[in-house]
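Participant: Provided below are the primary sequence and the corresponding predicted coordinates.
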Amino acid sequence: MQALYFAWVRERIGVGEELLSPPAEIATVAALLDWLAGRSPGHAAALANRSAIRVAIDQDFVGPEALVAGAREIAIFPPVTGG
Amino acid sequence: MQALYFAWVRERIGVGEELLSPPAEIATVAALLDWLAGRSPGHAAALANRSAIRVAIDQDFVGPEALVAGAREIAIFPPVTGG
Amino acid sequence: MITTRTQAEPFDAAAETAALTTARTDIGAVVTFTGHVRAENGLEALTLEHYPAMTDRQLTAIAAEAAARWPLLGGTVIHRHGRLLPGEAIVLVAIASAHRQAAFEAAEFLMDWLKTRAPFWKHDGSGWVAAKASDDAAAARWGKA
Amino acid sequence: MITTRTQAEPFDAAAETAALTTARTDIGAVVTFTGHVRAENGLEALTLEHYPAMTDRQLTAIAAEAAARWPLLGGTVIHRHGRLLPGEAIVLVAIASAHRQAAFEAAEFLMDWLKTRAPFWKHDGSGWVAAKASDDAAAARWGKA
């Protein structure tokens, strides 16, 4: 699946997007974030405070228990500050 | 005191303004309206439905129990429909 | 703070609104309301009668009340009188503040007040327009003004 | 019904608003909100990052939601991204309806949604702007959107 990062999540991870191939046992968004945090110190720093992380799958907001199976695009970012 | 009439109150009374000299025993707005209704059939028609009458003394809304002593200008009109 | 006026002529809502923010960098939110004449029931024109001395006095008072209730950074209220055709703008309330909640609330407060307390009366060509209970209910939510 | 778009260029709030009412005689109320960049704490510029595909998808959905909740007669939502200077307009919500309550409520609903659900992130030159709990509280009053 394609991962997209925005704002300080992007800055800490160091890239705006990357292709992810999580192992088959990663079922939920929460599990995906745990797995992702182990990829690099930057990933770990970006995802350290999970309460400040928001996730969208295929451009819709999802919670930590959402399933990642079938997701084409997963976006990870801080709380939004538009308007 | 100067009386001003607006909208259908004006139309029924037949004039937009007139000078009033109510007797000294007329103390309140309610009493003034009763006295005014006796001046002509037009006044009576204009003031027949007292719940549809609004009154301002010297450009401030007042209720039926307000005192008329000292009033320079009394305006009598239907509920407003601006905006 | 909030300027108010009544006039027979059309107003330029865009220019009035732009004037509030020109050369300002402290304003974060501008809410404008314009009321238009609707062509209901074959209406050809609305004619607004008003009580000028009371309108001026009450508009000034209610503008001060709004400025006391909310942290505003400017505002303009214009109400037209005379004859207006369908589609024409009849009233403008434009409010500037640092944040949106104050701007929205003050604009709604002023509109609710104009609907229920400003001495204007609409004639639709066949008769006088009746006041709406829903306007009284809307105004009541702000408490005594 | 409600058109939505994001763009880096400035928008003309007056022209967008006027376009809603041109040649219409069924519209009685137009509410517009414009959000402006404030020069707080010595701010030189705001830079807005966004997630275009999600913004488009979510804006379209929320505009449909507003049109389903209120009897609207038109609307325009524009959100800018990129670099903006103090005083510049960042967001426009313009809503037309027959009556004022629907127009006010729909405009506030859309602004509350933009503040809490539209994927934009502001950077003030020294760091990323933090989200406000008051915006979440404002959005919560509309129930699930």
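Facilitator: Received the coordinates, thanks.
Participant: For the rest of this, base every contact and every neighbour count on C-alpha atoms.
Facilitator: Will do.
Participant: Please enumerate the strands of chain C.
Facilitator: C:2-7, C:29-36, C:46-50, C:72-80, C:82-84, C:89-97, C:120-123 (DSSP state E).
Participant: Listing partners with orientation, what would you give for the second one?
Facilitator: Partners of strand C:29-36 in the sheet, by DSSP bridges, are strand C:89-97 (antiparallel), strand D:29-36 (antiparallel).
Participant: in that strand, what counts as buried?
Facilitator: C:Ala29, C:Val30, C:Val31, C:Thr32, C:Phe33, C:Thr34, C:Gly35, C:His36 (16 or more other Cα atoms under 10 Å in any protein chain shown).
Participant: Turn the strands paired with strand C:29-36 into JSON lines, columns for mean pLDDT.
Facilitator: As requested, those are exported to JSON lines (pLDDT from 0 to 100):
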{"stretch": "strand C:89-97", "mean pLDDT": "98"}
{"stretch": "strand D:29-36", "mean pLDDT": "98"}
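Participant: contacting residues around C:Ala98?
Facilitator: C:Asp26, C:Ile27, C:Gly28, C:Ala29, C:Pro71, C:Leu72, C:Leu73, D:Arg38 (Cα atoms under 8 Å, 6 or more residues apart in numbering or on different chains).
Participant: residue in chain A nearest to chain C?
Facilitator: Taking Cα to the nearest Cα, chain C has its nearest neighbour within chain A at A:Gly83, 10.0 Å off.
Participant: Tell me the pLDDT of that residue.
Facilitator: A:Gly83 carries a pLDDT value of 90.
Participant: Can you get me a residue count around it?
Facilitator: For A:Gly83, the count of nearby residues is 26 (other Cα atoms under 10 Å in any protein chain shown).
Participant: same question, A:Leu67
Facilitator: 17.
Participant: got a list of what it touches?
Facilitator: Contact analysis of A:Leu67 by Cα under 8 Å, 6+ apart lists A:Ala27, A:Thr28, A:Val29.
Participant: and if you look at C:Ala139?
Facilitator: C:Ala139 neighbours (Cα under 8 Å, 6+ apart): C:Phe109, C:Asp112, C:Trp113, C:Thr116.
Participant: what do you get if the cut-off is 6 Å, keeping everything else the same?
Facilitator: C:Asp112 (Cα atoms under 6 Å, 6 or more residues apart in numbering or on different chains).
Participant: now it: how far from chain D?
Facilitator: Distance from C:Ala139 to chain D, counting by Cα to the nearest Cα, to the nearest Å: 12 Å.
Participant: What count of nearby residues applies to the nearest residue to C:Ile95 once chain neighbours are set aside?
Facilitator: In this structure, C:Ile95 finds its nearest non-sequential neighbour in C:Gly75, 4.3 Å apart by Cα to Cα, 6 or more residues apart in numbering or on different chains. C:Gly75: 28 surrounding residues under other Cα under 10 Å.
Participant: got it, and A:Asn49?
Facilitator: 9.
Participant: The one 3 residues further on now?
Facilitator: Other residues within reach of A:Ala52, judged by other Cα under 10 Å, total 13.
Participant: quick one: contacts for it?
Facilitator: Counting by Cα under 6 Å, 6+ apart, A:Ala52 touches A:Pro78.
Participant: for C:Met111, same thing?
Facilitator: No contacts exist for C:Met111 under Cα under 6 Å, 6+ apart.
Participant: Quick one: residues contacting residue 35.
Facilitator: Chain wasn't specified; assuming chain A. So A:Trp35 contacts nothing (Cα under 6 Å, 6+ apart).
Participant: Please refer instead to chain C.
Facilitator: Applying Cα under 6 Å, 6+ apart, the residues near C:Gly35 are C:Ala89, C:Ile90, C:Val91, D:Gly28, D:Ala29.
Participant: can those residues go into CSV with extra columns for distance to C:Ala130?
Facilitator: CSV is the format used below for those (distance: Cα to Cα, whole Å):
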residue, distance to C:Ala130
C:Ala89, 20
C:Ile90, 17
C:Val91, 18
D:Gly28, 17
D:Ala29, 19
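Participant: Kindly list the main-chain dihedrals of residue 43?
Facilitator: You didn't say which chain, so I picked chain A. Per-residue torsions, A:His43: phi -60, psi -40 (degrees, to the nearest 10).
Participant: that's the other chain; I wanted chain C
Facilitator: phi -60, psi 130.
Participant: distance of it from chain A?
Facilitator: Counting by Cα to the nearest Cα - C:Leu43 and chain A are separated by 39 Å.
Participant: What of C:Gly87?
Facilitator: C:Gly87 is 30 Å from chain A, by Cα to the nearest Cα.
Participant: Surely that residue and D:Thr25 touch.
Facilitator: Yes - assessed by Cα atoms under 6 Å, C:Gly87 is found in contact with D:Thr25 at 4.6 Å.
Participant: So which of those two has more stuff around it?
Facilitator: C:Gly87 (20 against 17).
Participant: what's near enough to touch that one?
Facilitator: C:His36, C:Val37, D:Thr25.
Participant: So which bits of the helix or strand that contains A:Ala31 are buried?
Facilitator: Using DSSP states H and E, A:Ala31 falls within helix A:29-37. Of the residues in helix A:29-37, A:Val29, A:Ala30, A:Ala31, A:Leu32, A:Leu33, A:Asp34, A:Leu36, A:Ala37 count as buried by neighbour count, 16+ other Cα under 10 Å.
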